[in-house]
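Peer 1: Return atomic coordinates for the entry below.
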Amino acid sequence: MAKLHFKYGAMNSGKSDTLIKTAYNYKERGLKILVIKPKVDTKSAHTVIARGGHTCVVDIVAGTDTDLRAEITKHTNTACILVDEAQFLSKKQISQLYECAKKDNISVICFGLRADFRTEMFPGSKRLFEIADNLEKLPTMCFCGAQAEFNTRKINGKYIFKGEQVAIDGDDEIEYDSLCGACYMREGGEI
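Peer 2: Numbers count the residues shown, from 1 in each chain. Take a look at the predicted model:
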């Protein structure tokens with residue numbers, strides 16, 4: 001029976017790199033994959049781009065009202081579904097992915113963040129923690145050398161800890177980092 005997997009980590013933990021490597025491995029074996037990403041991720045329209053520059057074409061760009069199972073079943077002989085930025089999917093969409101695994105016998109591997117820069121879970125991540133068959137943490141390092149656990153947002157070079165959950169594009173320079181708990185609190189984050 002196919003499973004729903006969630007591989008999560010803080011910013012810069014290699015989630016997109018791992019997705020691209022997984023896609024390559026399936027394709028190398030002659031197996032068909034579908035790559036999905038949420039429409040809210042406007043960084044690279046129909047492509048997953050890793051920090052190292054590797055890319056993977058996206059097959060389905062999901063809006064908030066996209067019925068993922070209906071879209072996926074339009075494709076035949078799919079061996080695996082890979083989802084980038086899964087934290088941005090809705091609870092319902094995560095449940096649809098679970099149905100693809102259990103009813104359609106298609107392996108689903110989701111990649112994403114556990115929580116936002118305010119340490120609050122994203123709806124998609126919360127649902128994945130509730131129903132995924134397997135959870136795997138992808139580690140990354142803080143600037144101090146400790147393991148990073150928290151995501152941070154910087155606007156124009158300054159750490160901020162209040163604001164909307166999602167901010168990707170805008171007039172200001174928006175950056176994201178990952179910090180360990182001690183550095184997160186030292187920069188002004190509250191737990």
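Peer 1: And the strands in this protein?
Peer 2: 4-8, 32-38, 47-49, 55-57, 60-62, 78-83, 107-112, 134-137, 150-155, 158-160, 174-179 (DSSP state E).
Peer 1: Without its sequence neighbours, what residue ends up closest to Lys126?
Peer 2: Sequence neighbours aside, Lys91 is the residue nearest to Lys126 in space, at 7.4 Å (criterion: CB to CB, 6 or more residues apart in numbering). Every C-beta, even on glycine, is put in place using the N, C-alpha and C of the backbone.
Peer 1: Report pLDDT for Ile36.
Peer 2: pLDDT, Ile36: 97.
Peer 1: so what's the residue lying closest to Glu71 once chain neighbours are set aside up against?
Peer 2: Of all residues not flanking Glu71 in the chain, Ile60 sits nearest, at 5.2 Å (CB to CB, 6+ apart). Taking CB atoms under 8 Å, 6 or more residues apart in numbering as the criterion, Ile60 is in contact with Leu34, Val35, Ile36, Lys37, Thr66, Leu68, Glu71, Ile72.
Peer 1: Next: Gly63.
Peer 2: Pro38, Lys39.
Peer 1: that older thread, I'd like the distance between the residue nearest to Glu71 and Ala115.
Peer 2: 25 Å (CB to CB, to the nearest Å).
Peer 1: before we move on, back to that, look up how far Ala23 lies from the residue nearest to Glu71.
Peer 2: 14 Å.
Peer 1: Quick check: which ranges of the protein have low pLDDT?
Peer 2: 42, 168-171 (pLDDT under 70).
Peer 1: where do the helices sit along it?
Peer 2: 15-28, 68-72, 91-104, 123-131, 181-186 (DSSP state H).
Peer 1: Cool, thanks, signing off.
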